[in-house]
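Participant: Sequence and predicted model, in that order:
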Amino acid sequence: MSALVVHLIRKEKRWAISGGVAALVGAACLIPLIAETLNPPLRAAPIHDISTDTVNPPAFEVLDETRAGTSHTRERGGPVLAEAQAPAYPDIVSLETDLSLDAAYQRALAVAEDIG
């Protein structure tokens with residue numbers, strides 16, 4: 001852009017046109033970056049109570065106010081939430097196992113600890 005200005009001041013029309021074209025091409029290349037910065041795509045649905053059973057989800061037993069500024073309630077979102085969850089989290093499904101309840105729970109804890 002500064003080269004364009006210099007060429008215009010010097011009255012070098014040929015170079016000013018080349019500089020103008022280069023400035024337009026550069027600006028055009030930046031448009032997608034600016035647009036994505038101003039309007040970033042959603043990565044996932046803003047859901048705080050994801051469940052593998054969207055028809056009859058388990059009830060919250062403990063829900064506290066440890067996170068400042070949250071307004072989550074113990075009530076589920078119902079069918080509207082289930083419709084939002086399905087496309088946002090297609091990999092969340094029930095897992096059938098032959099483990100006992102206690103063994104499955106211990107395995108789930110171990111996996112959660114491994115994941116962090």
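Facilitator: Noted; the coordinates are in hand. Bear in mind that the values here come from a model prediction, so they are computed numbers and not experimental data. Residues are numbered from 1 along each chain as shown.
Participant: Tell me the buried residues in the lengthiest helix in the chain?
Facilitator: Taking DSSP state H as the assignment, the helix of the chain that covers the most residues is helix 13-38. Using 16 or more other Cβ atoms under 10 Å as the test for burial, helix 13-38 gives 16, 19. C-beta coordinates here come from the backbone N, C-alpha and C atoms, glycine included.
Participant: and that helix, how far from the chain's centre?
Facilitator: The chain centre lies 29 Å from the centre of helix 13-38; the measure is Cα atoms, centre = their mean, to the nearest Å.
Participant: average pLDDT across it?
Facilitator: Averaging pLDDT along helix 13-38 yields 86.
Participant: same question, stretch 84-102
Facilitator: 88.
Participant: contacts for it?
Facilitator: Residues from elsewhere that reach stretch 84-102 (Cβ atoms under 8 Å, 6 or more residues apart in numbering): 44-45, 47, 50-54, 77, 104, 107.
Participant: Could you identify the helix or strand that succeeds the longest helix of the chain?
Facilitator: Per DSSP states H and E, the first helix or strand lying C-terminal to helix 13-38 is helix 78-88.
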